[in-house]
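Trainee: Let's see this in three dimensions:
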Amino acid sequence: MNWPSQLIIVRHGQSAGNVARDVAHEAEADRIALHNRDADVPLSDLGREQATALGDWFAGMPADERPEVLLSSPYLRALQTGEHFRAAGGTHAHEPICFDERLREKEFGVLDGLTTMGIANVFPDQAEFRGLLGKFYHRPPGGESWCDVILRLRSVLDTISLHYRGQRVMIFTHQVVVLCLRYIIETLDEAAILAIDREANVANCSITEYRLDPHAGATGKLVLARYNVTAPMQQQATPVTSAPDQIAGARG
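Mentor: This next block holds a predicted model:
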């Protein structure tokens, strides 16, 4: 059994991009009013509160329940979530946050920064292609499909199983990545993961947790313990937020 004992996947806190996306949709604008790279979008003030609430929640746990390995998407909002989590005592104060570029947000190519309405207005052919192929297989020019994300995440899990056997690992990442990791770990199919996606958005700073069950399968495997749990924010009376899937480059 080469798996970690615990794998905790956290979507980053609310970002400035999430806020700007909501404003753009309310105004029925084609583009989201952000002028920096997706990789450089920071947390909002509320996002920092959410990450701190998450850290406070873990700080109240016994030491053997807190994560001992921190992995992160290199995108600023994911890194900042990890930093605020660590500063609040969610893990050891000097635990490094290790970047893995394969945990980055889904790339949207020419659609980056567009709202759903903007895609229909600026790239009607891509809106049509996506309608025909579905979000799982549609790859915008210069961007990725969900399948592309899944391919890079398979190697991430290989790395985790190789280097972090028996350890408690926490990942700070993005909504599509959370869903695609579920697809891989639970051996789901397209219909099953899209049904999960339709049920609810992955909340900012929510927890998706797997625990190693040595009696599952022939040699033991990771088993889902909880999904999209927002108890840390609720306990701290911190507002819970979520944003739709980033089909329009909506900075998730």
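Trainee: Scan the chain for its longest strand.
Mentor: Among the segments of the chain that qualify as a strand by DSSP state E, the longest is strand 221-229.
Trainee: Check which element follows it along the chain.
Mentor: helix 231-235 (DSSP states H and E).
Trainee: now for that following helix, which elements pack on it?
Mentor: helix 45-59 (3 or more Cβ pairs under 8 Å, 6 or more residues apart in numbering; DSSP states H and E). Using the backbone N, CA and C atoms, a C-beta is placed for each residue, glycine as well.
Trainee: ok, and for the helix it packs on, which residues are buried?
Mentor: By 16 or more other Cβ atoms under 10 Å, the buried positions in helix 45-59 come out as 46-58.
Trainee: Going by distance to Val169, which of these wins?
Mentor: Phe58 (13.4 Å; Cβ to Cβ).
Trainee: coming back round to it: now tabulate the buried residues of helix 45-59 in JSON lines and tack on pLDDT and distance to Asn2.
Mentor: Output for the buried residues of helix 45-59, formatted as JSON lines (pLDDT from 0 to 100; distance: Cβ to Cβ, whole Å):
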{"residue": "Leu46", "pLDDT": "95", "distance to Asn2": "38"}
{"residue": "Gly47", "pLDDT": "96", "distance to Asn2": "34"}
{"residue": "Arg48", "pLDDT": "96", "distance to Asn2": "36"}
{"residue": "Glu49", "pLDDT": "96", "distance to Asn2": "37"}
{"residue": "Gln50", "pLDDT": "96", "distance to Asn2": "33"}
{"residue": "Ala51", "pLDDT": "97", "distance to Asn2": "30"}
{"residue": "Thr52", "pLDDT": "96", "distance to Asn2": "34"}
{"residue": "Ala53", "pLDDT": "96", "distance to Asn2": "33"}
{"residue": "Leu54", "pLDDT": "97", "distance to Asn2": "28"}
{"residue": "Gly55", "pLDDT": "97", "distance to Asn2": "29"}
{"residue": "Asp56", "pLDDT": "96", "distance to Asn2": "32"}
{"residue": "Trp57", "pLDDT": "95", "distance to Asn2": "29"}
{"residue": "Phe58", "pLDDT": "96", "distance to Asn2": "25"}
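Trainee: so which of the residues you listed would you say is closest to Ala231?
Mentor: Proximity of these to Ala231, judged by Cβ to Cβ, is greatest for Trp57, which lies at 7.1 Å.
Trainee: Strands along the stretch 1-150 of the chain, start to end?
Mentor: Secondary structure of the stretch 1-150 of the chain (DSSP state E, counting those that start in this stretch): strands at 6-11, 69-72, 97-99.
Trainee: among those strands, which is the most enclosed?
Mentor: Stretch with highest mean neighbour count among the strands of the stretch 1-150 of the chain: strand 6-11 (a mean of 25; mean count of other Cβ atoms under 10 Å).
Trainee: Which secondary structure elements does it sit against?
Mentor: Contacts defined by 3+ Cβ pairs under 8 Å, 6+ apart place strand 6-11 against strand 168-173, helix 175-185, strand 207-213.
Trainee: pLDDT score for the residue most central in space within the chain?
Mentor: In the chain, the centroid-proximal residue (Cα atoms, centre = their mean) is His174; its distance is 2.2 Å. The per-residue pLDDT reported for His174 equals 97.
Trainee: sorry, back to before: which of the strands of the stretch 1-150 of the chain sits closest to Gly131?
Mentor: Closest among the strands of the stretch 1-150 of the chain, using Cβ to Cβ: strand 6-11, at 26.4 Å.
Trainee: and the closest one with helix 175-185, angle?
Mentor: For strand 6-11 against helix 175-185, the angle by axes from the mean of the first three to the mean of the last three Cα atoms, to 10 degrees is 150 degrees.
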